[in-house]
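1. structure for the following, please:
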Amino acid sequence: MGLLTAASFASLAAWLWLTLAQGMFWRTDVRLPARTAPDRWPSVAIVVPARDEAEVLPLSLASLITQDYPGEAEVILVDDGSTDGTGALALRIAAEQPGLPLTVVSPGDPPPGWTGKLWALRHGIMLARTAHATEPDFLLLTDADIAHEPDSLRELVSAAASADLDLVSQMARLRVAGAWERLVVPAFVYFFAQLYPFRRINRPSARTAAAAGGCVLLRTGAAVRAGVPDRIRQAVIDDVSLARAVQDSGGRIWLGLAERVDSVRPYPALADLWRMVSRSAYAQLRHRPALLAGTVAGLALVYLVPPAALLAGLAAGRPAAAWSGGLAWLLMAGTYLPMLRYYRQPAALAPLLPFTALLYLLMTVDSAVRHYRGRGAAWKGRTYARPSDA
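-> Down below sits the predicted model:
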C-alpha cells in the first residue's frame, strides 16, 4: 500500500470517527433548553467590557438598554482605555434611549498579569456586587459588539432557572456578509464545535468545558465559588477558561448556538479575519511547539489529504486512494452543511472546507510565529506575552 493510499484510509477513518463519535458536533440544533418563566424574576447586572467600540455601540448597547426584562436589571459598561469616545457615546445612547439604567466606569490600564478584558470584567463585577444593598442574582457578561433581541435576557434567565444551570452561554451568530466572511466565519464555529461538542459539554457529568465569551449568563454565587475572573486573569481565551473554572468548582454549564444574539462586528477583509484567529490560536495550544506540530499534522491529514487523495488517485490510477479520499471529502462536506444552513449560506461552499482549513492552518502557524517574535496575542493596541500560569 502506497503512502497516499495509507494517508487516505487514515483520513477516512478519522472522518468516520468524527462523524459518529465526536458528540455529533456537526448538528446545529443545540439551542436554549426547555424553559418556563420563574415565579420570581432574578436580578441581573449586565457587564459590558468595551475598548474602542464606538463603531458598533449604537447597535449593541441600545439592544441591552431596551431589554424587555420583568425583573430588576442594570447595564454596566466598563470603558477599557478607549480612545474613540466609547464612554461618552454610551452615555449619549442611554440618554436618548429610555430603558435599563446605565453606568459607565473606567478601571484604568490593567496591572501586570491581567488581560484588559478580564480586568474590565473584574471591575464591572465588583461594582455590580457592591453598588446595591444586595448582590444581583445573575451576571450577564456580554461583549460590546454583541446585539441582543429584546427578549434575549428573559430567555437566558428562564433557561438558567428552569434547568438549574450556573452558566448559560450562547455562541452569537457572527456577521456573514462579504465573500471572506462567508468562507471563513461558518467554518470558525464548525471547528469550535468540533473541538468542544456542545452536547458533550451540556451533560450533567461532563468533563469537557467551554463557553462563548460574547454571551455568558453566570450566577453571581457561582462566580464567587469559582474565583473568577481573578482565577483566570491571564487567560487570553477567557471564555473556555471561565467555563472550566465554573465546572471545576461544581457548577453546571451549558453552551449552544444563539437564536436571539448576533455579533455586529464586521470582518470585511481576510486580514481582519486573520487577526481574529491568529491572536489566540497559539494560546489555544498552550504555546507548546509539540501541540502546534500535532495540530498542523492533524489538520493536514483530516482536511487536506481527502481532496489530494481523490485528485491524485484519479490521475495516477489508484482507485483505493481515490474512493477513500472522495468518501472522506464527502463526509467532511456533509457534516459542514448544517452549519452553512444555520448561517443561511449556499451548500456550494461545503466542498471548499479544505481550502478554509488550509487558511486556518496558516493562521495557527502565524500565531506561533508572532508569539516567538515577541508580539504574542495582540488585540487593540495591547500585546499579551505567554502567561506564567493561566
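
2. the strands in the stretch 101-250 of the chain, which residues?
-> Using DSSP state E, counting those that start in this stretch, the strands assigned to the stretch 101-250 of the chain run over residues 102-105, 138-142, 146-148, 167-173, 215-219.

3. just the buried residues of stretch 84-103, please?
-> For stretch 84-103, a neighbour-count test (16 or more other Cβ atoms under 10 Å) marks Thr86, Gly87, Leu89, Ala90, Ile93, Ala94, Gln97, Gly99, Leu100, Leu102, Thr103 as buried. In this view, the C-beta of every residue, glycine as well, is placed from N, C-alpha and C.

4. so which of the residues you listed sit within helices?
-> Counting by DSSP state H, the buried residues of stretch 84-103 place Thr86, Gly87, Leu89, Ala90, Ile93, Ala94 in helices.

5. nearest spatial neighbour of the fifth one, skipping sequence neighbours?
-> Think Ile93. By the measure of Cβ to Cβ, 6 or more residues apart in numbering, the closest residue to Ile93 outside its immediate chain neighbours is Leu61, 5.3 Å from it.

6. what about that neighbour, which helix or strand?
-> helix 57-65 (DSSP states H and E).

7. and the angle for that helix with helix 86-96?
-> 50 degrees (axes from the mean of the first three to the mean of the last three Cα atoms, to 10 degrees).

8. mind checking how far helix 57-65 is from the chain centre?
-> With Cα atoms, centre = their mean, to the nearest Å as the basis, helix 57-65 stands 20 Å off its chain's centre.

9. now do it: which elements does it pack against?
-> For helix 57-65, the elements it packs on are strand 44-50, strand 73-79, helix 86-96, strand 146-148, judged by 3 or more Cβ pairs under 8 Å, 6 or more residues apart in numbering; DSSP states H and E.

10. any idea which strand is longest in this protein?
-> Ordering each strand of the chain by length in residues (DSSP state E) puts strand 253-263 first.

11. and that strand, average pLDDT?
-> Mean per-residue pLDDT for strand 253-263: 96.

12. so what does that strand touch, helix or strand wise?
-> By 3+ Cβ pairs under 8 Å, 6+ apart, strand 253-263 packs against strand 146-148, helix 152-163, strand 167-173, helix 198-201, helix 238-248.

13. pick the most deeply packed of these.
-> Comparing these by mean neighbour count (mean count of other Cβ atoms under 10 Å), strand 167-173 ranks first with a mean of 26.

14. run me through the strand neighbours of it, direction for each.
-> In the sheet, strand 167-173 lines up against strand 215-219 (antiparallel), strand 253-263 (parallel) (DSSP bridges).

15. work out the gap between the last one and the centre of the chain.
-> What it means is strand 253-263. Distance of strand 253-263 from the chain centroid (Cα atoms, centre = their mean) equals 10 Å.

16. what is the subsequent helix or strand relative to it?
-> Next along the chain after strand 253-263, taking DSSP H and E as the criterion, comes helix 270-284.
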